[in-house]
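Sharing a sequence plus its predicted fold:
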Amino acid sequence: MQSQIVCHGCRNVLRYPSGAPSVCCALCQAITTVPPPAPVMEMAHLICGGCRTLLMYTRNADTVRCSCCSTVNLVRPVNNIAHVSCGQCRTTLMYPYGAPSVKCAICHYITNTGMNTLAPMPSPMPTSSGSSYNAPSTSAPTPRSQNVTVVVENPMTVDEKGKLVSNVVVGVTTGK
């Protein structure tokens, strides 16, 4: 892969292999130092609990304020996401820890997780996983009498045309 930089001697655009520490200009013989690459910020997505807008945020965020409705959304840490194999098609499913069941986005089978109560809301922590999974969100605060929306994103698949396809299921638990 090649990158580009402007020569500090003659201002011509120079192409060089990525990772090179410096580049020598063929026209003016000036050596231009290549700056270190900018740190890549890992991004994640969540759906606003107030207005259902898809929000993008840096993975180390504890909360995300929606620019549309100003709702402050808590970011659930990845370590409170559990996995189970679908009881019918054996696809690995992700669900919030403590959920009693999870519905498969592929075959729509409902798999019991072995949990019978929802775990209390975890304290916000940054997500440290480098995986492509996105943590579901919950808007803050949510009393127990309100509905809770749970977004589960399973691993992406590739369709017959080679395009990535999201596997997302949204569930709503009704307040009691």
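Great, that's in hand.

moving C-terminal of the lowest-mean-pLDDT helix or strand in the chain, what's the next helix or strand?
One helix or strand of the chain scores below all others by mean pLDDT, DSSP states H and E: strand 137-139, with a mean of 42. As assigned by DSSP states H and E, the chain's next helix or strand after strand 137-139 is strand 148-158.

elements contacting the very next helix or strand once past that next one?
Sequence-wise, the next helix or strand downstream of strand 148-158 (DSSP H and E) is strand 164-173. Under the contact criterion of 3 or more CB pairs under 8 Å, 6 or more residues apart in numbering; DSSP states H and E, strand 164-173 touches strand 148-158. Any C-beta I mention is one placed from the backbone N, CA and C, and that applies to glycine too.

Now the strand it packs on: average pLDDT?
Averaged over strand 148-158, pLDDT sits at 71.

Point out the other elements, helices or strands, that it touches.
Judged by 3+ CB pairs under 8 Å, 6+ apart, the packing partners of strand 148-158 are strand 43-47, strand 92-96, strand 137-139, strand 164-173.

mean pLDDT lowest for which of the ones you listed?
Taking the average pLDDT of each of these, the minimum falls on strand 137-139, with a mean of 42.

mind listing what residue 111 touches?
84-88, 93, 101-104 (CB atoms under 8 Å, 6 or more residues apart in numbering).

Which one of the helices and strands packed on strand 148-158 lies nearest to residue 28?
strand 43-47 (39.7 Å; CB to CB).

which residues of this protein score low on pLDDT?
40, 77-80, 97, 115-150, 171-176 (pLDDT under 70).

how about it, which residue sits the furthest from its center?
Centroid-distance maximum for the chain: residue 28 at 46.1 Å, with CA atoms, centre = their mean.
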